[in-house]
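In: okay, predicted coordinates and the sequence, questions at the end:
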Amino acid sequence: MNNNILILLVFSFFTLVSCQKKEISADKNQPEKCVPESEKKLEMYQMSEMATLMEQMYVDNQRLKERIKKGEKIGEFPQHFLKIHKAVMTDQTENDDFFKEQASKFIAAQELIYKDPKNAKEHFNNGVDACIKCHQQKCGGPIPRIKKLYIK
């Protein structure tokens, strides 16, 4: 008896896993059909211009962080950071006065890294602070990742 219950549970589990998306018939008397994986439409997530820019800025800042920690030459301010003021967001209503203020603080901190390399660590961390402050209000998801940028 216990073996039959176990077999039934295993079969039910595999049925649920393989038939997560069901096609419901208009005729309630017909059974539901599984939609094979090959027939499911894949929708690719398209990152907004702002999301793409922020990903690039994150990578650039990871590299900058390593140069600052090693005492290497800082280089030049990446001009593409200035696109933060015009990049199209996923939700354009998020491009409000608060965002614009935080974006300006971020850019100012980033520019100071290159203008005042003796205090690069402080300016860098101020830039990270600006990112976090904005993300606390706008989109909190990336905050744990952004915090990893801090130079201790």
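Out: Happy to help now that I have it.
In: can you pull out the strands in this protein?
Out: Along the chain, counting by DSSP state E, strands occupy 22-23, 33-34.
In: the bottom helix or strand of the chain by mean pLDDT?
Out: The weakest-scoring helix or strand in the chain, judged by mean pLDDT, DSSP states H and E, is strand 22-23 (a mean of 44).
In: pretty sure residue 100 contacts residue 84?
Out: No - in this structure, residue 100 is not within contact of residue 84 by C-beta atoms under 8 Å, at 9.4 Å. In short, each C-beta sits where N, CA and C put it, glycine included.
In: show me which of the two is the more surrounded one.
Out: Using other C-beta atoms under 10 Å as the criterion, residue 100 and residue 84 rank with residue 84 on top: 19 against 12.
In: how much space between the spatially closest residue to that one that is not a sequence neighbour and residue 46?
Out: Distances taken as C-beta to C-beta, 6 or more residues apart in numbering place residue 103 nearest to residue 84, at 4.7 Å, with adjacent residues excluded. Distance check for residue 103 against residue 46: by C-beta to C-beta, to the nearest Å, it reads 22 Å.
In: ok, the two, which is more surrounded?
Out: Between residue 103 and residue 46, residue 103 has the larger neighbour count (other C-beta under 10 Å), namely 20 against 8.
In: wait, isn't the more buried one in contact with residue 134?
Out: Yes - Residue 103 lies in contact with residue 134 (C-beta under 8 Å); the separation is 7.4 Å.
In: so what's the residue count around the residue nearest to residue 121 when sequence neighbours are not counted?
Out: With sequence-adjacent residues excluded and distances taken as C-beta to C-beta, 6+ apart, residue 121 is closest to residue 151, at 4.9 Å. Using other C-beta under 10 Å, residue 151 has 14 neighbouring residues.
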